[in-house]
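A.B. asks: I'll drop the sequence and a predicted model, then ask my questions.
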Amino acid sequence: MTAHEELKANTAGYVLGSLDPEERREFESHLAGCAECAEEVASLRPVVGALATAVPQVTPRAELRERVLSGTPPRAGADARIHDRKSQAALTWLPLAAAIIIAVGAGIYAVRLQRQIGELRARFEQAQATTAVLAAPDLARIDLQGQQVAPDARARALWSRSRGLVFTAANLPPAPAGKAYQVWVVTAQAPISAGLLTPDPSGAGTQFYMTPADIAPPVAVAVTLEPAGGVPAPTGERYLIGMP
Ligand SMILES: [Zn+2]
(Lines give C-alpha, C1' and ligand atoms only; values in the text may rest on other atoms or scores of the structure.)
Protein backbone atom coordinates (compact mmCIF):
# COMPACT_ATOMS: atom_id res chain seq x y z
CA MET A 1 0.00 0.00 0.00
CA THR A 2 1.41 3.41 -0.94
CA ALA A 3 1.29 6.43 1.39
CA HIS A 4 -1.38 7.88 -0.85
CA GLU A 5 -3.61 4.80 -0.66
CA GLU A 6 -3.18 4.62 3.08
CA LEU A 7 -3.90 8.31 3.57
CA LYS A 8 -6.80 8.37 1.16
CA ALA A 9 -8.67 6.10 3.56
CA ASN A 10 -8.51 9.00 6.04
CA THR A 11 -10.37 11.39 3.74
CA ALA A 12 -13.79 10.90 5.33
CA GLY A 13 -12.30 11.14 8.80
CA TYR A 14 -10.51 14.33 7.86
CA VAL A 15 -13.64 15.95 6.44
CA LEU A 16 -15.59 14.87 9.53
CA GLY A 17 -12.87 16.27 11.81
CA SER A 18 -12.42 12.93 13.56
CA LEU A 19 -8.69 12.42 12.94
CA ASP A 20 -6.35 12.87 15.87
CA PRO A 21 -4.01 15.88 15.58
CA GLU A 22 -1.05 13.84 14.33
CA GLU A 23 -3.13 12.03 11.71
CA ARG A 24 -4.59 15.34 10.65
CA ARG A 25 -1.17 16.99 10.24
CA GLU A 26 0.05 14.02 8.23
CA PHE A 27 -3.05 14.07 6.03
CA GLU A 28 -2.87 17.83 5.49
CA SER A 29 0.76 17.74 4.40
CA HIS A 30 -0.08 14.94 1.93
CA LEU A 31 -3.18 16.85 0.77
CA ALA A 32 -1.06 19.83 -0.26
CA GLY A 33 0.69 17.74 -2.90
CA CYS A 34 -2.00 15.27 -3.96
CA ALA A 35 -4.65 16.40 -6.40
CA GLU A 36 -6.61 13.16 -6.08
CA CYS A 37 -7.00 13.42 -2.31
CA ALA A 38 -7.78 17.13 -2.59
CA GLU A 39 -10.53 16.32 -5.07
CA GLU A 40 -11.87 13.64 -2.74
CA VAL A 41 -12.00 16.13 0.14
CA ALA A 42 -13.75 18.69 -2.06
CA SER A 43 -16.33 16.13 -3.16
CA LEU A 44 -17.07 15.06 0.43
CA ARG A 45 -17.44 18.56 1.90
CA PRO A 46 -20.96 19.21 0.55
CA VAL A 47 -22.04 15.86 2.01
CA VAL A 48 -20.84 16.89 5.47
CA GLY A 49 -22.65 20.21 5.05
CA ALA A 50 -25.85 18.38 4.17
CA LEU A 51 -25.47 16.06 7.17
CA ALA A 52 -24.82 18.94 9.55
CA THR A 53 -28.21 20.39 8.70
CA ALA A 54 -29.94 17.01 8.59
CA VAL A 55 -28.83 15.67 11.99
CA PRO A 56 -30.51 18.23 14.32
CA GLN A 57 -33.83 17.56 12.58
CA VAL A 58 -33.57 13.85 13.17
CA THR A 59 -32.53 13.89 16.83
CA PRO A 60 -35.83 15.26 18.25
CA ARG A 61 -37.75 12.79 16.17
CA ALA A 62 -35.80 9.88 17.69
CA GLU A 63 -36.56 11.28 21.14
CA LEU A 64 -40.22 11.52 20.38
CA ARG A 65 -40.28 7.97 19.11
CA GLU A 66 -38.67 6.69 22.28
CA ARG A 67 -41.18 8.58 24.37
CA VAL A 68 -44.08 7.20 22.39
CA LEU A 69 -42.75 3.64 22.58
CA SER A 70 -42.20 3.78 26.34
CA GLY A 71 -45.61 5.38 26.81
CA THR A 72 -44.15 8.16 28.98
CA PRO A 73 -45.87 11.48 28.52
CA PRO A 74 -43.59 14.51 28.74
CA ARG A 75 -43.68 15.92 32.23
CA ALA A 76 -41.92 18.49 34.30
CA GLY A 77 -38.66 17.21 35.75
CA ALA A 78 -37.97 14.99 32.78
CA ASP A 79 -36.07 17.81 31.12
CA ALA A 80 -32.72 16.82 32.58
CA ARG A 81 -33.14 13.23 31.44
CA ILE A 82 -34.10 14.33 27.97
CA HIS A 83 -31.06 16.57 27.89
CA ASP A 84 -28.86 13.62 28.84
CA ARG A 85 -30.40 11.51 26.20
CA LYS A 86 -29.85 14.27 23.70
CA SER A 87 -26.09 14.36 24.23
CA GLN A 88 -26.04 10.57 24.11
CA ALA A 89 -27.94 10.74 20.83
CA ALA A 90 -25.35 13.17 19.47
CA LEU A 91 -22.59 10.71 20.41
CA THR A 92 -24.29 7.78 18.72
CA TRP A 93 -24.90 9.94 15.68
CA LEU A 94 -21.25 10.60 15.05
CA PRO A 95 -20.22 7.09 13.90
CA LEU A 96 -23.45 6.86 11.91
CA ALA A 97 -22.64 10.14 10.16
CA ALA A 98 -19.17 8.78 9.44
CA ALA A 99 -20.70 5.60 8.04
CA ILE A 100 -23.00 7.65 5.82
CA ILE A 101 -20.11 9.75 4.60
CA ILE A 102 -18.05 6.68 3.82
CA ALA A 103 -21.04 5.12 2.02
CA VAL A 104 -21.67 8.31 0.05
CA GLY A 105 -17.93 8.59 -0.65
CA ALA A 106 -17.95 5.02 -1.96
CA GLY A 107 -20.99 5.94 -4.04
CA ILE A 108 -19.22 8.93 -5.54
CA TYR A 109 -16.18 6.75 -6.18
CA ALA A 110 -18.36 4.09 -7.85
CA VAL A 111 -20.03 6.69 -10.06
CA ARG A 112 -16.64 8.06 -11.05
CA LEU A 113 -15.35 4.55 -11.74
CA GLN A 114 -18.45 3.83 -13.80
CA ARG A 115 -17.82 6.96 -15.87
CA GLN A 116 -14.18 6.02 -16.40
CA ILE A 117 -15.22 2.55 -17.49
CA GLY A 118 -17.75 4.11 -19.88
CA GLU A 119 -15.06 6.35 -21.38
CA LEU A 120 -12.65 3.43 -21.72
CA ARG A 121 -15.30 1.30 -23.38
CA ALA A 122 -16.13 4.11 -25.85
CA ARG A 123 -12.42 4.48 -26.65
CA PHE A 124 -12.05 0.72 -27.04
CA GLU A 125 -15.06 0.55 -29.38
CA GLN A 126 -13.64 3.44 -31.38
CA ALA A 127 -10.29 1.64 -31.66
CA GLN A 128 -12.04 -1.56 -32.74
CA ALA A 129 -14.07 0.32 -35.38
CA THR A 130 -10.90 2.05 -36.62
CA THR A 131 -9.06 -1.27 -36.93
CA ALA A 132 -12.01 -2.73 -38.85
CA VAL A 133 -11.94 0.18 -41.32
CA LEU A 134 -8.18 -0.13 -41.83
CA ALA A 135 -8.60 -3.83 -42.64
CA ALA A 136 -11.60 -3.31 -44.92
CA PRO A 137 -11.31 -4.87 -48.40
CA ASP A 138 -13.04 -1.82 -49.92
CA LEU A 139 -10.81 0.74 -48.17
CA ALA A 140 -10.43 4.08 -49.98
CA ARG A 141 -8.02 6.81 -48.96
CA ILE A 142 -8.66 10.51 -49.48
CA ASP A 143 -6.05 13.11 -48.49
CA LEU A 144 -7.30 16.60 -47.64
CA GLN A 145 -5.46 19.89 -48.09
CA GLY A 146 -5.77 22.97 -45.88
CA GLN A 147 -7.61 25.81 -47.57
CA GLN A 148 -6.90 29.55 -47.53
CA VAL A 149 -8.03 30.03 -43.89
CA ALA A 150 -5.81 27.19 -42.66
CA PRO A 151 -3.07 26.47 -45.21
CA ASP A 152 -1.08 24.29 -42.77
CA ALA A 153 -4.01 22.03 -41.92
CA ARG A 154 -3.85 18.44 -43.19
CA ALA A 155 -6.18 15.50 -42.96
CA ARG A 156 -6.72 11.98 -44.20
CA ALA A 157 -9.99 10.13 -44.62
CA LEU A 158 -9.99 6.32 -44.72
CA TRP A 159 -13.38 5.16 -45.87
CA SER A 160 -15.09 1.82 -46.26
CA ARG A 161 -18.72 1.72 -47.36
CA SER A 162 -19.41 -1.25 -45.12
CA ARG A 163 -17.28 -0.26 -42.10
CA GLY A 164 -17.29 3.53 -41.92
CA LEU A 165 -14.92 6.48 -42.00
CA VAL A 166 -11.76 7.11 -40.00
CA PHE A 167 -10.83 10.76 -40.18
CA THR A 168 -7.49 12.11 -38.93
CA ALA A 169 -6.67 15.82 -38.97
CA ALA A 170 -3.68 17.92 -37.90
CA ASN A 171 -2.81 21.62 -37.58
CA LEU A 172 -6.38 22.85 -37.40
CA PRO A 173 -6.63 26.25 -35.73
CA PRO A 174 -8.68 26.27 -32.50
CA ALA A 175 -12.39 26.61 -33.29
CA PRO A 176 -13.74 29.98 -32.07
CA ALA A 177 -16.30 29.99 -29.23
CA GLY A 178 -19.70 28.80 -30.38
CA LYS A 179 -18.23 27.10 -33.47
CA ALA A 180 -17.26 23.53 -34.30
CA TYR A 181 -15.59 21.66 -37.14
CA GLN A 182 -17.89 19.42 -39.15
CA VAL A 183 -16.76 16.64 -41.51
CA TRP A 184 -18.64 16.11 -44.78
CA VAL A 185 -18.68 13.23 -47.22
CA VAL A 186 -19.57 14.95 -50.48
CA THR A 187 -21.44 12.78 -52.99
CA ALA A 188 -22.60 13.75 -56.49
CA GLN A 189 -26.05 14.34 -54.98
CA ALA A 190 -25.25 16.26 -51.78
CA PRO A 191 -22.78 16.69 -48.93
CA ILE A 192 -23.60 14.25 -46.13
CA SER A 193 -22.55 15.11 -42.60
CA ALA A 194 -20.23 12.52 -41.10
CA GLY A 195 -20.19 14.33 -37.75
CA LEU A 196 -18.32 16.85 -35.65
CA LEU A 197 -14.56 16.85 -35.12
CA THR A 198 -13.09 18.22 -31.91
CA PRO A 199 -9.32 18.64 -32.31
CA ASP A 200 -7.04 18.69 -29.28
CA PRO A 201 -5.22 21.93 -28.33
CA SER A 202 -2.50 21.17 -30.91
CA GLY A 203 -5.16 21.04 -33.66
CA ALA A 204 -5.01 17.25 -34.11
CA GLY A 205 -7.89 14.82 -33.92
CA THR A 206 -8.93 11.35 -35.00
CA GLN A 207 -12.53 10.33 -35.16
CA PHE A 208 -14.51 7.34 -36.37
CA TYR A 209 -17.82 7.98 -38.15
CA MET A 210 -20.36 5.52 -39.46
CA THR A 211 -21.60 6.52 -42.91
CA PRO A 212 -24.98 5.45 -44.40
CA ALA A 213 -24.76 1.99 -46.00
CA ASP A 214 -26.46 3.22 -49.19
CA ILE A 215 -24.21 6.29 -49.62
CA ALA A 216 -23.13 7.13 -53.19
CA PRO A 217 -19.36 7.03 -53.83
CA PRO A 218 -17.82 10.24 -52.41
CA VAL A 219 -16.52 12.81 -54.86
CA ALA A 220 -14.88 14.76 -52.02
CA VAL A 221 -14.41 14.94 -48.28
CA ALA A 222 -14.45 18.36 -46.63
CA VAL A 223 -14.26 20.07 -43.24
CA THR A 224 -16.14 23.30 -42.58
CA LEU A 225 -16.49 25.55 -39.55
CA GLU A 226 -20.12 25.56 -38.43
CA PRO A 227 -22.22 26.65 -35.47
CA ALA A 228 -21.52 24.41 -32.42
CA GLY A 229 -23.68 21.31 -32.58
CA GLY A 230 -23.43 21.11 -36.36
CA VAL A 231 -25.81 21.82 -39.24
CA PRO A 232 -27.66 19.56 -41.72
CA ALA A 233 -25.93 21.12 -44.75
CA PRO A 234 -22.64 23.04 -44.88
CA THR A 235 -22.91 26.82 -44.42
CA GLY A 236 -19.49 27.85 -43.10
CA GLU A 237 -16.00 28.41 -44.39
CA ARG A 238 -14.13 25.40 -45.84
CA TYR A 239 -10.98 24.51 -43.90
CA LEU A 240 -10.01 21.23 -45.59
CA ILE A 241 -10.91 19.64 -48.90
CA GLY A 242 -9.80 16.43 -50.57
CA MET A 243 -10.81 14.36 -53.57
CA PRO A 244 -10.28 10.68 -54.17
ZN1 LIG B 1 -3.32 11.23 -2.11
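C.D. replies: All right, it came through fine. Computed from a predicted structure; not experimentally measured. Residues are numbered from 1 along each chain as shown.

A.B. asks: Spell out which residues of this structure are next to the ion.
C.D. replies: H4, C34, C37 (C-beta under 5 Å from the ion). Bear in mind the C-beta positions are built from the backbone N, C-alpha and C, glycine included.

A.B. asks: Going through these, which ones are buried?
C.D. replies: Burial by neighbour count, 16 or more other C-beta atoms under 10 Å: within these this picks out C34, C37.

A.B. asks: what about the longest helix in this protein?
C.D. replies: When the chain is parsed with DSSP state H, its longest helix is helix 79-134.

A.B. asks: which secondary structure elements does it contact?
C.D. replies: Helix 79-134 sits against helix 11-16, helix 35-70, strand 154-160, strand 164-170, strand 205-209, with contacts defined as 3 or more C-beta pairs under 8 Å, 6 or more residues apart in numbering; DSSP states H and E.

A.B. asks: Show me which helix or strand of the protein is least confident by mean pLDDT.
C.D. replies: Lowest by mean pLDDT, DSSP states H and E among the helices and strands of the chain is helix 35-70, with a mean of 63.

A.B. asks: where in this protein is pLDDT low?
C.D. replies: 1, 47-94 (pLDDT under 70).

A.B. asks: Identify the residues contacting the nearest residue to L225 once chain neighbours are set aside.
C.D. replies: Distances taken as C-beta to C-beta, 6 or more residues apart in numbering place G236 nearest to L225, at 4.4 Å, with adjacent residues excluded. For G236, the residues meeting the contact criterion (C-beta atoms under 8 Å, 6 or more residues apart in numbering) are K179, Q182, T224, L225, E226, P227.

A.B. asks: Keep only those of the residues you listed that are in helices.
C.D. replies: Under the assignment DSSP H, these contribute nothing to helices.

A.B. asks: Go through those and name the one nearest R121.
C.D. replies: Top of the list for closeness to R121, among those and by C-beta to C-beta, is Q182 at 25.5 Å.

A.B. asks: This completes my enquiry, with thanks.
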